[in-house]
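[1] I would like the atomic coordinates for the input below:
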Amino acid sequence: MSRRFLEHEDDDPILSVVNLIDLFLVITVILLIIIVRNPLNPFASDNVVIVENPGEDDMRITIKNGEELTRYESSGEMGEGQGTKAGVTSRLPDGKMVYVPE
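    As a prediction, the model looks like this:
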């Protein structure tokens, strides 16, 4: 009777589930390594500028300069600023832009 008990233990469906979980863990780790090593990953290089929601009221700009991250958020208002007028830009008939300083 003990032989029959041992054969029944080999057909345990829980062992198959455990093997599937192990397989999915290995695949997940491989995919994470591929994502981290991807050359198109924006945080893989030292200097990066990321614009989120461009042109929208909640636009954000994130700048990575080495290890430092700086985030700028839009206030939603246009034409606000503290600068002074520096010159005039004109468009020529052929489409070129010409800057004329004041």
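
[2] Find the nearest non-adjacent residue to residue 51, please.
    residue 61 (5.4 Å; C-beta to C-beta, 6 or more residues apart in numbering). Backbone N, C-alpha and C define where each C-beta goes, glycine included.

[3] Tell me the spacing between the one you found and residue 14.
    52 Å (C-beta to C-beta, to the nearest Å).

[4] more crowded one of the two?
    Neighbours per residue, other C-beta atoms under 10 Å: of residue 61 and residue 14, the larger number sits with residue 61, 14 against 7.

[5] Just confirm residue 102 contacts residue 84, I think it does.
    No - here residue 102 does not reach residue 84: they are 9.6 Å apart, not a contact under C-beta atoms under 8 Å.

[6] For the residue nearest to residue 51, name its beta-bridge partners.
    Beta-bridge partners for residue 61, by DSSP bridges, are residue 51, residue 72.

[7] residue contacts, it?
    By C-beta atoms under 8 Å, 6 or more residues apart in numbering, the contact list for residue 61 reads 49, 50, 51, 52, 71, 72.

[8] repeat that for 10 Å
    49, 50, 51, 52, 54, 70, 71, 72, 73, 74 (C-beta atoms under 10 Å, 6 or more residues apart in numbering).

[9] Could you export those as CSV, including neighbour count, pLDDT and distance to residue 32?
    Output for those, formatted as CSV (neighbours: other C-beta atoms under 10 Å; pLDDT from 0 to 100; distance: C-beta to C-beta, whole Å):
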residue, neighbour count, pLDDT, distance to residue 32
49, 11, 84, 25
50, 13, 84, 21
51, 12, 86, 26
52, 13, 87, 23
54, 9, 82, 29
70, 10, 88, 27
71, 10, 88, 25
72, 10, 85, 30
73, 11, 80, 30
74, 16, 72, 33
